[in-house]
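K.L.:
Compute the structure for the input listed below.
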Amino acid sequence: MSDAALNPGHGPFRYDPLTITLHWLTFLLVALLWLSAQVIDVFPRDGGRVEARSVHILLGVTLLGVLLVRLGWRKTPWGGRRPPRRGPGDLAALGLQVLMLLLLGGTILLGLFNAAVHGAAVFTWVKLPPLAPGYPDLPDMVTGWHGFGANLILAVVGVHAAAALGHHYVLRDCTLRRMLPFGRVTCGKHDHRAAPAQGD
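P.N.:
Next up, the predicted model:
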């Protein structure tokens, strides 16, 4: 059954503008966080490393805020609207989204813990005293966990992106277009400027 049939008078389902904005903002922040982490140690300790790490920490805090807004918005009648689930593929996609959100949340919390155990400074604004200084191996251990989580997120994002592109170019359905901030939502024979659905 088409989206238009499930949502008569509204055309194919499209996510609301705030959900779309939060989705792509999450993607942008994840990319910036991963890239910024790769260059922190390029800077000398006394020549930009504190500033580079500070930018990374602030991006992580921003992403945490975006995730909290995203989860809160999903609990509202407007942000909670989703396309109908039609089979195992849709349930797998939902599972992947939940996994991604859990990984993002966990990795951000590990990042904040990492900053705490290292006694990181945020520019000249804040200087954290090292947490648990009696455990000298803890900082490197937490750094490793944080890096592993970040790389795992990158892998899951890659699977998510590949699935979206597969829907778009192989299955030729409207899955990807539902989340694009521009253009038409095209589902099979339907090609409409779509309004959001009125419910699942």
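K.L.:
Name the nearest residue to the most centrally placed residue in the chain, ignoring sequence neighbours.
P.N.:
Centroid check for the chain by Cα atoms, centre = their mean gives Thr26 as the closest residue, at 3.9 Å. The shortest distance from Thr26 to any non-neighbouring residue, by Cβ to Cβ, 6 or more residues apart in numbering, is to Val66 (5.8 Å). From N, CA and C alone the C-beta is placed, and that goes for glycine too.
K.L.:
From Ala93, how far off is that neighbour?
P.N.:
21 Å (Cβ to Cβ, to the nearest Å).
K.L.:
rewinding a little: contacts only, for the residue nearest to the centre of the chain.
P.N.:
Shown in contact with Thr26 (Cβ atoms under 8 Å, 6 or more residues apart in numbering): Leu63, Val66, Leu67, Arg70, Leu104.
K.L.:
On the C-terminal side of the helix or strand where it lies, identify the next helix or strand.
P.N.:
For Thr26, the host element (DSSP states H and E) is helix 17-39. Downstream of helix 17-39, the first helix or strand assigned by DSSP H and E is helix 49-74.
K.L.:
May I have the residues that are in contact with Ala163?
P.N.:
Ala93, Leu96.
K.L.:
if you set the cut-off to 7 Å instead, what comes out?
P.N.:
Ala93 (Cβ atoms under 7 Å, 6 or more residues apart in numbering).
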